[in-house]
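1. Below is the sequence, then the predicted model.
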Amino acid sequence: MPAPPPMVRGAEPLIFIASDSTAQSYGERAYPMTGWGQMLGCALRPGLAVENRAIGGRSTKSYRNEGRWQRLLRDLRKDDVVLIQFAHNDANQGIPTRYAPAETEYRANLLGFVADARRVGATPVLITPIAQRMFQPDGKAKAGFSAYSAVVRDIGRRERVKVIDLEALSRRWIDAAGAEAAKAWYMNIAPEEGFAAYPKGLKDDTHLRELGARGAANLVATAYRRLRLPHWRNVEAGHPDLVRATPLGRRGCH
């Protein structure tokens, strides 16, 4: 299949997202499954927009090997920002095309992404993987990809790359809500909820529902402002569309 042509874009800077299914944009048939990258645009003011290149089932290895990173890089401009969050699939030893050991291939891939983005004058931002709704023996949210998060933090220190520690932020978010309340943020669906795509229901503590994606996007937006990343004044923390108490029933901002 031929590569898609370069994107047509205006003059405004973009926040690109390179990631996996936890951040990707989904079609209406998959509702309520929603990626945090799909909702991040709700936090942005005019003059800044999101270009979500997250796609399910990808690791740093497969994202590069499939040419997805190269296509993102082709469209990246000076003054853009690229948010990079991987690990869920890098850790999957059962799928060789995805598996990237944390201390070797994963590290090398992230370092390559950082260097590539800087070469074109864009700002790379590394993000630790969002936490799953899984718990330690003490009842606190578990860091399921701790080896990968440690690599992200280490690269941040060594290479002076800004890091949004979404793993730590989302664990605190889950702990503050409690296990039962946080269940509604993830793809735990009862058959009687009546979602056409999930007639038998679903138990999934990795992927996000609408409210979970809104909340996770708010964690990212809040950290973005706190770190004073490029164009941070155009990013709003605590936007009402991202801190809703009840789902809207769709993925729009209003």
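-> Good, I have the coordinates.

2. Which helix or which strand is home to the nearest residue to Ser25 once chain neighbours are set aside?
-> Distances taken as Cβ to Cβ, 6 or more residues apart in numbering put Gln38 closest to Ser25, at 4.2 Å, once the chain neighbours are dropped. Heads up, the C-betas are built off the backbone N, CA and C, glycines and all. Using DSSP states H and E, Gln38 maps to helix 36-39.

3. From the chain's centroid, how far away is that helix?
-> Counting by Cα atoms, centre = their mean, to the nearest Å, helix 36-39 is centred 7 Å from the centre of its parent chain.

4. then it to PDB, C-alphas only?
-> Extracted in PDB, the C-alpha atoms of helix 36-39 (Å, rounded to 0.1, in the frame of the first residue of the first chain):
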ATOM      1  CA  TRP A  36      -6.800  10.300  25.600                       C
ATOM      2  CA  GLY A  37      -5.300  11.800  22.400                       C
ATOM      3  CA  GLN A  38      -8.800  12.000  20.900                       C
ATOM      4  CA  MET A  39      -9.900  14.300  23.700                       C
END
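
5. What is the subsequent helix or strand relative to it?
-> Following helix 36-39 in sequence order, the next helix or strand is strand 49-52 (DSSP H and E).

6. For that next one, name the packing helices and strands.
-> Identification of packing neighbours for strand 49-52 by 3 or more Cβ pairs under 8 Å, 6 or more residues apart in numbering; DSSP states H and E yields strand 14-18, helix 36-39.

7. Which residue ranges of the stretch 151-254 of the chain form strands?
-> Ranges of strands within the stretch 151-254 of the chain are 162-164, based on DSSP state E, counting those that start in this stretch.

8. Tell me how many other residues surround Gly215.
-> Residues lying near Gly215 (other Cβ atoms under 10 Å) number 22.

9. For it, give me its contacts.
-> By Cβ atoms under 8 Å, 6 or more residues apart in numbering, the residues touching Gly215 are 173, 185, 242-243.

10. Please apply the same query to Phe135.
-> Shown in contact with Phe135 (Cβ under 8 Å, 6+ apart): 141-142, 179.

11. what are the ranges of the strands in the stretch 1-150 of the chain?
-> Using DSSP E, counting those that start in this stretch, strands in the stretch 1-150 of the chain cover 14-18, 49-52, 81-84, 123-127.

12. could I get the ones you listed as CSV with mean pLDDT, distance to Tyr63 and mean neighbour count?
-> Compiled in CSV, these are given as follows (pLDDT from 0 to 100; distance: least, Cβ to Cβ, whole Å; neighbours: other Cβ atoms under 10 Å):
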stretch, mean pLDDT, distance to Tyr63, mean neighbour count
strand 14-18, 99, 6, 25
strand 49-52, 98, 13, 18
strand 81-84, 99, 9, 25
strand 123-127, 99, 14, 24
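
13. Next, format those strands as TSV and append distance to Gln136.
-> Output for the strands of the stretch 1-150 of the chain, formatted as TSV (distance: least, Cβ to Cβ, whole Å):
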stretch	distance to Gln136
strand 14-18	29
strand 49-52	32
strand 81-84	27
strand 123-127	22
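
14. out of those, nearest to Gly249?
-> strand 49-52 (21.0 Å; Cβ to Cβ).

15. average pLDDT for stretch 29-48?
-> For stretch 29-48, the mean per-residue pLDDT is 98.

16. List the buried residues in it.
-> By 16 or more other Cβ atoms under 10 Å, the buried positions in stretch 29-48 come out as 30-44, 48.
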